[in-house]
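K.L.:
what follows is a predicted protein model with its sequence.
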Amino acid sequence: MSRSVYGIDFGTSNIKIYNGMTKTTLNEKNIIAIKNKNELFEIGDEAFKMYEKAPDNIQVIFPIKYGVIADLKSMKMLFEQFFKKMTGPRGSKMGRFCIAVPADITEVEKRAFYDVVAKSDIKAREIKIVEKPIADAVGLGIDMTSSRGNMIINIGADTTEISVISHGGIVVSRIVKLGGNRLDQMICDIVKRKYNIMIGLKTAEQIKCKLSDAMYNEEEDMDEEIMYVYGRNVITGLPSERGVSKDTIYEAIKQFFDDIIDAIKNLLERTPPELSADILDTGIYLTGASSAIANLDKLIHIETELKVNTIQNPGESVIRGISMIMSDSRYKKLMYEPRESSF
């Protein structure tokens with residue numbers, strides 16, 4: 001196969017692009033800063049530094065919401081800039097592309113991902129799409145020719161995609177609007193309610209990474225962790241510092257874990273009995289950047305009585321699968337072209 005191949009995972013929080021020529025992956029924040037409504041100002045990680053800090057004349061936009069493209073123009077502009085950044089100004093523009101898309105969305109929404117590349121200034125020779133649970137499975141090393149059932153749970157920034165696959169296809173799948181961004185908002189809300197301090201989502205994310213625990217128990221955890229954060233006092237309006245405790249964060253996000261468990265059990269109830277027997281043997285595969293929350297795998301195991309398999313760098317499992325699909329002809333049948341639309 002030609003080495004001039006590119007794989008793309010348009011995530012809500014991060015975009016990942018695999019370059020088959022260099023065998024490297026670009027991984028940056030999927031965000032763009034627009035100045036004076038139409039002037040490109042900054043992209044990616046640099047644009048993210050401006051998030052919640054930009055003046056009124058600069059819009060800082062995440063083009064993808066809840067796993068689908070909400071701003072096609074901004075997403076196309078972002079993709080063109082990221083591609084140039086990865087390949088250089090003289091890089092090949094005649095490669096083959098494979099784009100990962102969520103399974104449980106409409107054909108029009110899938111076509112929008114295709115159009116980001118097709119309608120860009122990059123003259124792609126071929127564009128295919130692959131559903132994310134399939135790319136996830138390949139990245140996890142699951143045998144795509146096997147009839148055994150496997151359940152994959154991908155917890156991302158805005159959504160959690162729960163799927164059961166067999167024979168290289170998706171048997172049942174469901175997307176729920178639960179992800180890391182919901183956790184960040186829950187943390188913002190409780191800090192404001194309990195301490196009268198308003199914090200930003202970026203600060204909330206830092207708290208989540210340090211203090212969140214799916215199985216926190218105040219009686220068992222004798223060393224109470226405290227993280228000091230800065231924000232605005234809602235009473236005085238002045239900048240304030242406050243220590244936030246681990247038990248407060250658990251109180252804020254406990255409902256999130258309950259909702260995740262309910263969604264998993266709901267899909268298990270819809271799974272054919274023969275595949276349920278396979279899942280009992282193979283267990284659940286947990287992927288996605290937000291799946292790295294401490295003890296989440298243990299909580300799912302306790303609630304479902306199923307083995308939970310975790311991996312290193314869970315946020316890159318999809319792009320890892322795409323890179324394998326693009327480089328191995330055995331996986332060619334997993335890719336396809338979306339239906340035409342008037343989008």
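P.N.:
Alright, I've got the coordinates. Residues are numbered from 1 along each chain as shown.
K.L.:
list the contacts for residue 338?
P.N.:
Counting by Cβ atoms under 8 Å, 6 or more residues apart in numbering, residue 338 makes contact with 101, 107, 110, 111, 113, 114, 129. C-beta: built from backbone N, CA, C; applies to glycine.
K.L.:
mind redoing it with 6 Å?
P.N.:
110, 111, 114, 129 (Cβ atoms under 6 Å, 6 or more residues apart in numbering).
K.L.:
biggest separation within these, which pair?
P.N.:
Farthest apart among these by Cβ to Cβ are 111 and 129. That separation is 8.8 Å.
K.L.:
any weak-confidence spans in the stretch 151-300 of the chain?
P.N.:
218-223 (pLDDT under 70).
K.L.:
hey, where'd the helices end up in this protein?
P.N.:
Ranges of helices in the chain, per DSSP state H, are 44-48, 72-87, 107-118, 132-140, 180-195, 201-211, 246-270, 273-282, 296-304, 317-327.
K.L.:
identify the residue spatially nearest to residue 168, adjacent ones excluded.
P.N.:
residue 144 (4.1 Å; Cβ to Cβ, 6 or more residues apart in numbering).
K.L.:
burial measure for the one you found, as a count.
P.N.:
19 (other Cβ atoms under 10 Å).
K.L.:
distance to residue 124 and mean neighbour count added to the helices of the chain, as JSON lines?
P.N.:
Output for the helices of the chain, formatted as JSON lines (distance: least, Cβ to Cβ, whole Å; neighbours: other Cβ atoms under 10 Å):
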{"stretch": "helix 44-48", "distance to residue 124": "21", "mean neighbour count": "18"}
{"stretch": "helix 72-87", "distance to residue 124": "10", "mean neighbour count": "19"}
{"stretch": "helix 107-118", "distance to residue 124": "6", "mean neighbour count": "19"}
{"stretch": "helix 132-140", "distance to residue 124": "18", "mean neighbour count": "26"}
{"stretch": "helix 180-195", "distance to residue 124": "31", "mean neighbour count": "19"}
{"stretch": "helix 201-211", "distance to residue 124": "34", "mean neighbour count": "18"}
{"stretch": "helix 246-270", "distance to residue 124": "35", "mean neighbour count": "17"}
{"stretch": "helix 273-282", "distance to residue 124": "36", "mean neighbour count": "14"}
{"stretch": "helix 296-304", "distance to residue 124": "38", "mean neighbour count": "18"}
{"stretch": "helix 317-327", "distance to residue 124": "13", "mean neighbour count": "25"}
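K.L.:
any chance of the ones you listed in JSON lines, plus distance to residue 8?
P.N.:
Formatted as JSON lines, the helices of the chain follow (distance: least, Cβ to Cβ, whole Å):
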{"stretch": "helix 44-48", "distance to residue 8": "14"}
{"stretch": "helix 72-87", "distance to residue 8": "8"}
{"stretch": "helix 107-118", "distance to residue 8": "7"}
{"stretch": "helix 132-140", "distance to residue 8": "11"}
{"stretch": "helix 180-195", "distance to residue 8": "21"}
{"stretch": "helix 201-211", "distance to residue 8": "24"}
{"stretch": "helix 246-270", "distance to residue 8": "27"}
{"stretch": "helix 273-282", "distance to residue 8": "29"}
{"stretch": "helix 296-304", "distance to residue 8": "27"}
{"stretch": "helix 317-327", "distance to residue 8": "7"}
